[in-house]
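Peer 1: No sequence on hand, only this structure:
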């Protein structure tokens, strides 16, 4: 990976800063290798917040071993203007999620699957989800974009989740957009 790409993809969490994607991927593998018999969900989601002169986007990556903990990090992306049109903002959130999901190449996904594969008959699992900060409820302003964004996630081979099941976008990433 060249330096420009490394700079583009800087991640952080409460313990570490300035992680490149390769670091993130290695942390995920390390987390999964601690318990190869786990039930793993790799979740990626983005949320945004409009501020006075910019819009802050936070993409979260979470690897969860259901009932047994998680490892997570974020990537911050700042657009130097107010993005007031909801469709533009939701579409950009989805694009940022797609961008990070694309870093999990077939080879990388196979590495993660190979950790749990010897243990699937003991109940080990692995899935990958794209969390969208949109909802289908009647009072939700984003409901008209649900089909479009869900289709985008499905087209890249990721299981889409919307509110209230999209907690990586609506909860984890959201807390860092303020």
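Peer 2: Everything's here; your move. All figures in this text were calculated on a predicted structure; none of them were measured in a lab.

Peer 1: And the residue nearest the centre of the chain?
Peer 2: Central residue of the chain (CA atoms, centre = their mean): residue 44, 1.3 Å from the mean position.

Peer 1: distance of residue 96 from residue 168?
Peer 2: Separation of residue 96 from residue 168 (CB to CB, to the nearest Å): 12 Å. For glycine as for every other residue, the C-beta is placed from the backbone atoms N, C-alpha and C.

Peer 1: which intervals of this structure have sub-threshold pLDDT?
Peer 2: 1-8 (pLDDT under 70).

Peer 1: so residue 129 is in which element?
Peer 2: strand 125-132 (DSSP states H and E).

Peer 1: on that earlier part again, so what sits opposite the residue nearest to the centre of the chain in the bridge?
Peer 2: residue 61, residue 130 (DSSP bridges).

Peer 1: these two touch, right, it and residue 168?
Peer 2: Yes: if you go by CB atoms under 8 Å, residue 44 and residue 168 touch, sitting 6.8 Å apart.

Peer 1: one step back: for the residue nearest to the centre of the chain, give me its contacts.
Peer 2: The contact partners of residue 44, taken as CB atoms under 8 Å, 6 or more residues apart in numbering, are 59-62, 97, 100-101, 128-131, 158, 168.

Peer 1: Which strands or helices does the strand holding residue 129 pack on?
Peer 2: Judged by 3 or more CB pairs under 8 Å, 6 or more residues apart in numbering; DSSP states H and E, strand 125-132 is in contact with strand 39-50, helix 86-103, helix 106-116, helix 146-155, strand 159-161.

Peer 1: Can you list the buried residues in the longest one?
Peer 2: By neighbour count on 16 or more other CB atoms under 10 Å, the buried set for helix 86-103 is 89, 90, 91, 92, 93, 94, 96, 97, 98, 99, 100, 101.
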